[in-house]
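Trainee: can you look at this prediction? I've put the sequence above it.
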Amino acid sequence: MKRARSVFSFLGKIEALPVFAVMLIMYGTFMVFAPDVFMKYRIYMSILQTVTPPLILALGLTFVITAGEIDLSFPAIVALSGFVFAWGYQNLDQELGQTWATWASFALALGAGALAGFINGFLIAKIGVPSIMATLAAQFFWYGVTIVLAGGRSWRLKGIQEDPVWELFVRRIYGIIPQQGRAPIGVPTQALWALGLAIFLWFILNRHKFGEAIMFIGDNPNVAQVMGVNVVATKIRLFTMMGVIAAFAGLILTLQVTVSYPTQGEGMLLLVMAAVFIGGTSIAGGYGAIIGTFFGAFIIISLEPGIVATKVSGYWVQLIEGLVLGASVVLHVLIGEQNIANFSDRIRRWSTPTRLVKTASQPENLRKEQT
Amino acid sequence: MVEKPAALRMVNIEKYFGLVHALRNINIEVGSNEIVGLIGDNGAGKSTLVKILTGVYPPSSGEFYIAGRKVNPRTYSVKRAHQYGIETVYQDKSLGEKQALWRNFFIGRQITYPFGFINVKKEKEIAQEIMLNTIGFRGRGITVNSKVNKLSGGERQGVAIGRAMHFEAELIVLDEPTVALSLKEVRKVLNFVHKIKEGGKACVYITHDMQDVYEVSDRFIIMDRGEVVASITKADISLKALDEFLLGYSQGLKDKELS
């Protein structure tokens, strides 16, 4: 009995367990109904490649939503960074040589993201513009800038596949997964970058001063202010970070398709927001689930190929996506973060009796009597 | 034995908001282990005084000393107030609702490893220690991992007071800590205030409730329309007399207005 309790208590503490369970059920269903596709490695490798840019964006957006803010401008930053990279790749090679030109363009693109993010942060934290309006304006503005600068056309990255930057970020790694006498299967490198970034950002949110400040600001900015958190500086840093992350996602996307087009990233906004909400991050702010977002992105990205593979008509895709998003949000509200906390607290209360509290306070009482 | 300097001394503090003269010539002193009840009607200037004290507003003129050290009003801020040893417990904005208790103890001054990563183990240990020993927390089933929104109103004030005491506050300011609490919870808060006295710290207790403030305070400072009108030690006045004094005072002013 006691053992069962500690098992429950342990399960209650695991972050994002429900989302993980939903993801397993989803893949299980696809395996049953479309075994010829979902019982093979290939589809998963292709999902790993597709999921990376929205996953990276969703990780960043988790921070923004945890702080009680919203960012609508990241799809435009994806397009902007892709263009900046493509422009640099084509134009800087004469001065710098091709290798350095690629790296310089990469840094320039991240810098452009940081600048766009910083402007968002400045408008929101310093001027006091609500984030939904500031970033909506920024979304139009940066798409506009990209289209004007790109001359409305797409920019191809000729020969990028021979470049070390390409090899470092989006090359496929062969030999990890064994192949039984068939065409080799490569793991996309970008998925490893996304995994690394997710782990890093989990530590930043849950184990770093910056993440703690974000959570308190999302909870109640007045409390954060009174307790000595610099709310303005933290918010500016937050949006700048989101800009850099969006730029990184844009770079991965551009390198993947080896072309930058000025409408890149369109259609990602709602997809990425859905991934964050499926993951269990609260729109009310104060709590962010990085691990939940991670699985949430896999769920939202896998639905379409999964549904198509089960030979249900493609017309059903959006309907089912809507159902999954709706159901998971309802699930989070019902079993919710709060209820999970209550549940695991209750179990902890069963397994750690009040006796423990009393004995711990006894020495203090004894000391008082002696004096 | 050398007397410890007064926890707080305010000399000729004035505060204007535009044309409004919010505080007139405030001179008060709070001893190093004294609980002072700050009493007054709405608009008497209590909260303005507290906000000057805790670094939210600068005073228009005058000076004040914390534990004998003169405060420079130009560089004074909420963070500075913490460094000087002033901790404020607000009625409703002291704790982050959805955050774990251990995070609430250390927000703004975390114990960190290099690069700003939080030393969670140590923070939890110290939070546990504060809850058991500093404030003698007896909330059943509440651990350092519990979220604040699971705590009752009185327990929340206890956590905030415990935090203030742990950080070696010389002066703890309680800004209407018992508003909207049930009687049982008010009792808990008053017990925490007694702990402040036992811990050898000073406290300014701001409230509307005569009964609460009479029980815990050593001395009462009564404010009206931006002025300190009286300072009475507990030995000199009974609860009833204090009540009547206040009532009479506001009545008297009303009469003056009418005539």
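Mentor: In hand now; what should we look at?
Trainee: give me the nearest residue to the residue of the stretch 101-250 of chain B found nearest chain A, chain neighbours excluded.
Mentor: Residue of the stretch 101-250 of chain B nearest chain A, by C-beta to the nearest C-beta: B:Gly108 (3.2 Å). C-betas here are computed from N, CA, C, even on glycine. Residue nearest to B:Gly108 in three dimensions, not counting chain neighbours: A:Gly228, with 3.2 Å by C-beta to C-beta, 6 or more residues apart in numbering or on different chains.
Trainee: quick one: secondary structure of that neighbour?
Mentor: coil (DSSP: H, G, I helix; E, B strand; the rest coil).
Trainee: for it, list the residues it contacts.
Mentor: Under the criterion of C-beta atoms under 8 Å, 6 or more residues apart in numbering or on different chains, the contact partners of A:Gly228 comprise B:78-79, B:82, B:107-109.
Trainee: tell me the one of these nearest A:Val223?
Mentor: Nearest to A:Val223 among those: B:Ile107, at 8.1 Å, using C-beta to C-beta.
Trainee: next up, the contacts around that closest one.
Mentor: Contacts of B:Ile107 by C-beta under 8 Å, 6+ apart are A:212-213, A:216, A:224, A:227-229, B:96, B:99.
Trainee: ditto for A:Pro164
Mentor: If you count contacts by C-beta under 8 Å, 6+ apart, then A:Pro164 has A:99, A:102 around it.
Trainee: any idea how far it is from chain B?
Mentor: 29 Å (C-beta to the nearest C-beta, to the nearest Å).
Trainee: same check on A:Lys40?
Mentor: Computed with C-beta to the nearest C-beta, the distance linking A:Lys40 and chain B is 41 Å.
Trainee: ok, which stretches of chain B are strands?
Mentor: Secondary structure of chain B (DSSP state E): strands located at B:8-17, B:20-30, B:35-40, B:61-66, B:69-70, B:86-89, B:171-175, B:202-207, B:219-224, B:227-233.
Trainee: what about the contacts of A:Gly228, which one has the most neighbours?
Mentor: In terms of neighbours by other C-beta atoms under 10 Å in any protein chain shown, these top out with B:Ile107 at 24 neighbours.
Trainee: next one: phi and psi at that residue?
Mentor: Main-chain torsions, B:Ile107, degrees, to the nearest 10: phi -60, psi 130.
Trainee: okay, it and B:Lys195: tell me how far apart.
Mentor: The spacing between B:Ile107 and B:Lys195, counted by C-beta to C-beta, to the nearest Å, is 22 Å.
Trainee: same question, A:Leu251
Mentor: For A:Leu251, the distance to B:Lys195 - C-beta to C-beta - is 57 Å.
Trainee: same check on B:Met131?
Mentor: The span separating B:Met131 from B:Lys195 equals 12 Å under the rule C-beta to C-beta.
Trainee: so if I had to pick from the two, which one is more boxed in?
Mentor: Here B:Met131 and B:Lys195 are set side by side on neighbour count (other C-beta under 10 Å), and the busier one is B:Met131, at 27 against 17.
Trainee: where does the more buried one land on pLDDT?
Mentor: pLDDT, the model's per-residue confidence, is 83 for B:Met131.
Trainee: that one against B:Val144, yeah?
Mentor: Yes - B:Met131 is in contact with B:Val144 according to C-beta atoms under 8 Å; the separation is 6.8 Å.
Trainee: can you check which residues contact both of the two?
Mentor: Contact criterion C-beta under 8 Å, 6+ apart; residues shared by B:Met131 and B:Val144: B:Leu101.
Trainee: can you count the residues close to the residue nearest to B:Asn33 when sequence neighbours are not counted?
Mentor: Counting by C-beta to C-beta, 6+ apart, B:Gly200 is the residue found nearest to B:Asn33 once chain neighbours are left out, at 5.2 Å. Here the neighbour count serves as a burial measure; for B:Gly200 (other C-beta under 10 Å) it reads 11.
Trainee: what comes up buried for whichever strand or helix holds A:Val187?
Mentor: For A:Val187, the enclosing helix or strand under DSSP states H and E is strand A:186-188. If you call a residue buried by 16 or more other C-beta atoms under 10 Å in any protein chain shown, then strand A:186-188 has these buried ones: A:187-188.
Trainee: now do it: which elements does it pack against?
Mentor: helix A:41-66, strand A:172-174 (3 or more C-beta pairs under 8 Å, 6 or more residues apart in numbering or on different chains; DSSP states H and E).
Trainee: that one pairs with which strands, and in what direction?
Mentor: Using DSSP bridges, the neighbouring strands of strand A:186-188 in the sheet come out as strand A:172-174 (antiparallel).
Trainee: what about the strand it pairs with, average pLDDT?
Mentor: When pLDDT is averaged over strand A:172-174, the result is 82.
Trainee: any idea how far it is from the chain center?
Mentor: Per C-alpha atoms, centre = their mean, to the nearest Å, the displacement of strand A:172-174 from the mean C-alpha position of its chain is 24 Å.
Trainee: same question for stretch A:218-235.
Mentor: Put simply, stretch A:218-235 sits 23 Å off its chain's centre (C-alpha atoms, centre = their mean).
Trainee: may I see the buried residues of it?
Mentor: Burial within stretch A:218-235, assessed by neighbour count using 16+ other C-beta under 10 Å, is assigned to A:218-221, A:223-229, A:231-232, A:234-235.
Trainee: first-to-last residue distance for that stretch?
Mentor: Start-to-end span of stretch A:218-235 (C-alpha to C-alpha, to the nearest Å) is 10 Å.
Trainee: model confidence for the closest residue to chain B within chain A, exactly?
Mentor: Across chain A, the shortest distance to chain B (C-beta to the nearest C-beta) belongs to A:Gly228, at 3.2 Å. In the prediction, the pLDDT value recorded for A:Gly228 is 80.
Trainee: how far away from the center of its chain is stretch A:223-240?
Mentor: Centroid separation for stretch A:223-240 versus its chain: 21 Å, with C-alpha atoms, centre = their mean.
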